[in-house]
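*Asks:* coordinates only, no sequence provided:
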């Protein structure tokens, strides 16, 4: 008899516990905030590489004119480091990269992003494919960087480019800068392979930043010797080690430009929504 009563008592307690767990109190319900579903959100498709992605978000945060948390930009970051090497894909013509790129931008769109920023210069070789995959705009990092050079350095006729061999080979910056009447000067092929690419892959592998800085310093000095008026850091890993204070000419970081444009685009959408 006692055993039967004990079982009944345990079952009663179990049912009561389930009811409490499934039916939160009025106080619990009232604490859930009413978050608007119409927030304008910045989407970042990253992972190419991860540290460069973190750097972009940091620049967006530090460059946003905000006095408190609530004035910062709502942001979705999708870091997908498994995207195949962009330079290798360009050189080999390997199409297996496309599903990764489509996945990256469409996931952000489906998750509510209003526009997308991609902190990787080389992947902009596939910009048209990514933009066709979504209805929301993707900021063209290279086009915006070229516009920044022309606006901030109107007298510059020769611009030096520090970038991956993939970005250089595709002529992405040459296309945009030449259209603005600016000549693009590149490091020698030996300097690209022995200094720039070594620095880029070293940074991705958490290598010695001081060594990477020296490699990039030498590449920058070679460009200065060729008479450039400005040096463009056309790879998102490069600003992580390049010391602009050691440069003899002004430096334009494509990552900073992308951060500034993301902020400006967000503010533009907010104003349009208010009006």
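*Replies:* Now that the structure is in, tell me what you want to look at. Computed from a prediction, not measured in an experiment: that's the story for all the values here.
*Asks:* residues contacting the most centrally placed residue in the chain?
*Replies:* Nearest residue to the geometric centre of the chain (C-alpha atoms, centre = their mean): residue 119, 2.7 Å. For residue 119, the contact set (C-beta atoms under 8 Å, 6 or more residues apart in numbering) comprises 44, 46, 48, 52-53, 55-56, 141, 236, 255, 258. All C-beta spots, glycine's among them, are computed from the backbone N, C-alpha and C.
*Asks:* top of those by neighbour count?
*Replies:* residue 236 (29 neighbours; other C-beta atoms under 10 Å).
*Asks:* state the distance from it to residue 39.
*Replies:* 26 Å (C-beta to C-beta, to the nearest Å).
*Asks:* then the residue nearest to the centre of the chain would be within a helix, right?
*Replies:* No. Going by DSSP: H, G, I helix; E, B strand; the rest coil, the assignment for residue 119 is coil, not a helix.
*Asks:* chain neighbours aside, what residue packs nearest to it?
*Replies:* Nearest non-adjacent residue to residue 119, counting by C-beta to C-beta, 6 or more residues apart in numbering: residue 56, 4.0 Å away.
*Asks:* name the element that neighbour belongs to?
*Replies:* Using DSSP states H and E, residue 56 maps to helix 50-63.
*Asks:* and that helix, average pLDDT?
*Replies:* With pLDDT averaged residue by residue, helix 50-63 scores 98.
*Asks:* what is it packed up against?
*Replies:* Counting contacts by 3 or more C-beta pairs under 8 Å, 6 or more residues apart in numbering; DSSP states H and E, helix 50-63 packs against strand 42-46, strand 75-79, helix 254-274.
*Asks:* identify the residues contacting residue 249.
*Replies:* 160, 224, 228-231.
*Asks:* out of the helices and strands packed on helix 50-63, deepest packed?
*Replies:* Each of the helices and strands packed on helix 50-63 was scored by mean neighbour count; the highest is strand 42-46, a mean of 26, by mean count of other C-beta atoms under 10 Å.
*Asks:* contact partners of that strand?
*Replies:* With C-beta under 8 Å, 6+ apart as the criterion, strand 42-46 contacts 52-54, 56-57, 60, 73-80, 104-105, 108-109, 111, 113-120, 136, 262, 265-266.
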